[in-house]
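Novice: Any chance you could fold what I've pasted below:
(chains A and B)
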Amino acid sequence: MDTTDGTKFSRGAAGRRPTLLGLYYLALISLLYLPIAILFLFSVNANTTLAFPLGSLTLNWYQKLFESSALLRAARNSLVVAVGSSFVATALGTMVAILVARYHFRAKNLVLALAVLPLIVPFIVLGVALLLLFAALGIDRSLWTVGVAHTIVSLPFTLIIILARLAGFDASLEEAAMDLGASYLTTLRRIVLPLITPAMVAGWLTAFTVSFDEFALALFLAGTEPTFPVYLFSQLRFASRLPVLIALAVLLMTGTLTLVLIAERIRRTDY
Amino acid sequence: MDRRTTFWLLCLPPLLWLSLFFVVPLLLMAAFSLRPDVRGELWQWWTPTLNQYARALATGSFSRLLGISTLMALGVAVSATVLAYPVAYFLVWRAGIRAGLFLLLLLMPFWTSYLLRVMAWKFMLGSEGVINSFLLYLGVVDNPLTILLYNRGAVVVTLIYVWIPFAALPILVALQRIDSSLQEAAADLGASPFWRFWRVTFPLSLPGVLAAFFMVFIPTVGEYVTPLLVGGSRGAMYGNIIQDFFTKAANWPLGAALGMIMLVSTIVLVAVAVRVVDLRSLVEQ
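Specialist: From the prediction side, this is the model:
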């Protein structure tokens, strides 16, 4: 920025007056938040129908939420599936990331491709394929089958996040540890894992939000125990229950957002 | 060899897991699509036949729906990319020190429940929904407009809405990589702001634009949830017929063949995309 008109081209040269682009951004953001704001509005609105004019302000729906055991049970199911599948996806993602970043072997690109391929396979295809597998094996659909599906679709995310971290520091620390007599497994445990812990946590949180929100696979693979999105979907046709569902969804949305923000913070932490 | 043992320790769990729960299911689906009919037990031997594919391709409504779904995905991907571009441009070149905050604000809707955002549009567009009740309240219309919901237009609008934040990301990354001295050079040589953008900035951001396009297009082709919620019977997509054959209609072999057609076309498309867009140019330092 030493030239006279350098700032004109530098990133983030913000003028004081609102620009056309700034207004466009503002309009788009408002449009993006409008439906979410409307959901929130209906969660504190006394009328059961989602229509204007609005009724009086109420926290009734949030109160009723804790009286609906099926609803809370579905939310708990989602929590269990998300926590479990995220641990598996993070463990597998860490293994593949270390393999790809620290080993040289012929099938490396193949392993990497296989692990990220779930990103491009349409969920409907993966869903029916897993449905076929579990039917062929005679396994009843349950939270387990949903969890297994979620480990597959979360793996690319944990892998990419952890791989980026591993690529970020050079292998000389590990070489030093091994020169001092540590076995490679010990080196991984004592040197590599502590260094990639932030990425593993960020990966876990990302996998958690992916699983917690996932509906397309869960609809095929959930048995009698629904996850929260599946339950939400099944209740959609009962108009009178909607406000309570929306109230819980707003709460869960807040929770997910908090997790995402934490994940971002941790991922960006450098030390 | 110690490092070798560790290699297998690291290698086997992910490979076994991915084989069992990813590769085998897809192979099983491929095998199932070669079944002659729905009769017989699940494990019963069958003579492979291409009958299901012949039926899938010969049924006009299936191939038409595949074509329509592709067109819808094309429309969604182009619109989301075009609408996201100015936002990415704003964030990189104009937003100043608050760019981080503005970006977070843009991405936050993407991290809220997908199902719920789609549902929100149902509440917006429905005959008793927000737009209609608001119009009735104002007295602009006498009867609720029914053309807003349960058609392909509603599906496309909802999907564009869902994908805009996501489409902005690769464009943003591509714009951030542009060396601003190139624009200075163009200015020094007398290029107007428009030409600077059109001849310098835009061509350099093309990898990001194409990445955004494919990142929206690919999941949209396989979409079945959004049509289920806001599309109704008139707004169904190709994914919905696959879903139907595995649930209501219970014709798994035909459903598997339809699924294979989708899987293969998606993989071909991605192979093309990877050739067109040098994805590494977006990630490498």
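
Novice: Got the phi and psi for the residue of the stretch 51-200 of chain B found nearest chain A?
Specialist: As assessed by CB to the nearest CB, chain A sits closest to residue B:96 within the stretch 51-200 of chain B, at 2.9 Å. C-betas here are computed from N, CA, C, even on glycine. Main-chain torsions, residue B:96, degrees, to the nearest 10: phi 70, psi -150.

Novice: Can you spell out which helices and strands pack onto the helix ranked longest in chain B?
Specialist: Using DSSP state H to define each element, chain B has its longest helix at helix B:60-89. Helices and strands touching helix B:60-89, by 3 or more CB pairs under 8 Å, 6 or more residues apart in numbering or on different chains; DSSP states H and E, are helix A:20-43, helix B:51-58, helix B:152-176, helix B:202-221, helix B:238-246, helix B:252-276.

Novice: In that helix, which residues have enough neighbours to count as buried?
Specialist: B:62, B:65-66, B:69-70, B:72-73, B:75-77, B:79-81, B:83-89 (16 or more other CB atoms under 10 Å in any protein chain shown).

Novice: From the chain's centroid, how far away is that helix?
Specialist: Put simply, helix B:60-89 sits 8 Å off its chain's centre (CA atoms, centre = their mean, to the nearest Å).

Novice: helix or strand right after that helix?
Specialist: Downstream of helix B:60-89, the next assigned helix or strand under DSSP states H and E is helix B:99-107.

Novice: Okay, angle between the helix or strand following that next one and helix A:20-43 too, please.
Specialist: Later in the chain than helix B:99-107, the nearest helix or strand by DSSP H and E is helix B:114-125. Counting by axes from the mean of the first three to the mean of the last three CA atoms, to 10 degrees, helix B:114-125 points 90 degrees away from the direction of helix A:20-43.

Novice: how about helix B:114-125 as PDB, C-alpha atoms only?
Specialist: Extracted in PDB, the C-alpha atoms of helix B:114-125 (Å, rounded to 0.1, in the frame of the first residue of the first chain):
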ATOM      1  CA  TYR B 114     -31.500 -28.100   6.000                       C
ATOM      2  CA  LEU B 115     -34.900 -29.600   6.500                       C
ATOM      3  CA  LEU B 116     -36.000 -26.600   8.400                       C
ATOM      4  CA  ARG B 117     -34.900 -24.100   5.800                       C
ATOM      5  CA  VAL B 118     -36.800 -26.100   3.200                       C
ATOM      6  CA  MET B 119     -39.800 -26.200   5.500                       C
ATOM      7  CA  ALA B 120     -39.500 -22.400   6.000                       C
ATOM      8  CA  TRP B 121     -40.100 -22.000   2.300                       C
ATOM      9  CA  LYS B 122     -43.200 -24.200   2.600                       C
ATOM     10  CA  PHE B 123     -44.500 -21.800   5.200                       C
ATOM     11  CA  MET B 124     -43.600 -18.900   3.000                       C
ATOM     12  CA  LEU B 125     -45.200 -20.200  -0.200                       C
END
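
Novice: Now do it: which elements does it pack against?
Specialist: Under the contact criterion of 3+ CB pairs under 8 Å, 6+ apart, helix B:114-125 touches helix A:20-43, helix A:228-235, helix A:242-268, helix B:130-138, helix B:152-176, helix B:225-226.

Novice: Check the offset of the strand or helix carrying residue A:144 from the chain's centre.
Specialist: Element membership of residue A:144, judged by DSSP H and E, is helix A:143-168. A distance of 10 Å separates the centroid of the chain from that of helix A:143-168, by CA atoms, centre = their mean.

Novice: what about that helix and chain B, touching?
Specialist: Yes - against chain B, helix A:143-168 shows contacts by CB under 8 Å from any CB of the partner chain at A:148, A:149, A:151, A:152, A:155.

Novice: Any chance of the residues you listed in JSON lines with neighbour count and pLDDT as columns?
Specialist: Below are the residues of helix A:143-168 next to chain B laid out as JSON lines (neighbours: other CB atoms under 10 Å in any protein chain shown; pLDDT from 0 to 100):
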{"residue": "A:148", "neighbour count": "24", "pLDDT": "97"}
{"residue": "A:149", "neighbour count": "31", "pLDDT": "97"}
{"residue": "A:151", "neighbour count": "27", "pLDDT": "97"}
{"residue": "A:152", "neighbour count": "24", "pLDDT": "97"}
{"residue": "A:155", "neighbour count": "31", "pLDDT": "96"}
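
Novice: Just send those back as TSV, with distance to residue B:36 too.
Specialist: Converted to TSV, those look like this (distance: CB to CB, whole Å):
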residue	distance to residue B:36
A:148	30
A:149	29
A:151	34
A:152	30
A:155	35
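
Novice: and residue A:183, what does it touch?
Specialist: residue B:2 (CB atoms under 8 Å, 6 or more residues apart in numbering or on different chains).

Novice: Verify the contact between residue A:231 and residue A:70 for me.
Specialist: Yes - with contact defined as CB atoms under 8 Å, residue A:231 reaches residue A:70; the gap is 7.1 Å.

Novice: Those two: which is more packed in?
Specialist: In this view residue A:231 and residue A:70 are compared by other CB atoms under 10 Å in any protein chain shown, and residue A:231 has more residues nearby, 22 against 12.

Novice: Which residue is the nearest non-sequential neighbour of the more buried one?
Specialist: In this structure, residue A:231 finds its nearest non-sequential neighbour in residue A:74, 3.6 Å apart by CB to CB, 6 or more residues apart in numbering or on different chains.

Novice: Check which helices and strands the longest helix seen in chain A sits against.
Specialist: Using DSSP H, we find that the single longest helix of chain A is helix A:69-102. Under the contact criterion of 3+ CB pairs under 8 Å, 6+ apart, helix A:69-102 touches helix A:108-116, helix A:143-168, helix A:193-213, helix A:228-235, helix A:242-268, helix B:2-18.

Novice: Now do the buried residues in the last one.
Specialist: Residues of helix B:2-18 classed as buried: B:6, B:7, B:10, B:11, B:14, B:15, B:17, B:18 (neighbour count, 16+ other CB under 10 Å).

Novice: again with the longest one
Specialist: Of the residues in helix A:242-268, those buried under the neighbour-count criterion (16+ other CB under 10 Å) are A:242-250, A:252-253, A:256, A:259-260, A:263-264, A:266-267.
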